[in-house]
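Trainee: Need coordinates for the following:
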Amino acid sequence: MFATPAYAQAAGNPMGMVSSFLPLILIFAIMYFLLIRPQQKKVKQHQQMVAALRRGDQVVTQGGLIGKVVKVKDDNEVEVELSEGVKVRVVKSTIAQVVSKTEPAA
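Mentor: Residues are numbered from 1 along each chain as shown. Down below sits the predicted model:
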């Protein structure tokens, strides 16, 4: 009783269902390529940067503190020297960027 002839005709046609879902599929594809994929690449780059930390690197934390890495611990933290005699333990994931990288010893 409530179905109009247009809905009744589309229900029998399988292409009608595909064409009705096509805009949703396109929106999801656009969102994936514009939002999800770049974010995943950024997270992967950050994980590689954190994994490559070594003693002597100058880093910036997410809190804006600039310091030099004194000790890299195997677990989830590094020791950063902010100034002479001031050392703090920092969680590796809170390091925002590496300002200057040290070269490995020969």
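
Trainee: quick one, what contacts the nearest residue in space to Lys92 that is not next to it in sequence?
Mentor: Counting by CB to CB, 6 or more residues apart in numbering, Lys92 lies nearest to Val50, which is 4.7 Å off, once chain neighbours are set aside. C-beta: built from backbone N, CA, C; applies to glycine. Going by CB atoms under 8 Å, 6 or more residues apart in numbering, Val50 touches Lys92, Ser93, Ile95.

Trainee: so which of those is the most crowded?
Mentor: Top of those by neighbour number is Ile95, holding 22 neighbours under the definition other CB atoms under 10 Å.

Trainee: Distance-wise, check that one relative to Leu82.
Mentor: Look at Ile95 and Leu82: by CB to CB, to the nearest Å, they are 13 Å apart.

Trainee: Can you read off the pLDDT for the residue nearest the centre of the chain?
Mentor: Centroid-nearest residue in the chain, with CA atoms, centre = their mean: Val43, separated by 2.5 Å. The score at Val43 is 95. That number is its pLDDT.

Trainee: can you tell me how far it sits from Arg37?
Mentor: 11 Å.

Trainee: hmm, back to that, let's verify the residue nearest to the centre of the chain: helix, strand, or coil?
Mentor: Judged by DSSP: H, G, I helix; E, B strand; the rest coil, the three-state class of Val43 is helix.

Trainee: from here on, count from 52
Mentor: Okay, residue one is now 52; in that scheme the one you just asked about reads as Val94.

Trainee: where do the strands sit along the protein?
Mentor: For the chain, the strands defined by DSSP state E occupy 109-112, 117-123, 128-134, 137-142, 146-151.

Trainee: circling back: pLDDT value on the residue nearest to Lys143, please?
Mentor: Note on Val101: pLDDT of 92.

Trainee: any idea how far Val94 is from Val129?
Mentor: Distance from Val129 to Val94, by CB to CB: 19 Å.

Trainee: Please apply the same query to Leu77.
Mentor: Per CB to CB, Leu77 is found 26 Å from Val94.

Trainee: try Asp125
Mentor: Asp125 sits 22 Å away from Val94, going by CB to CB.
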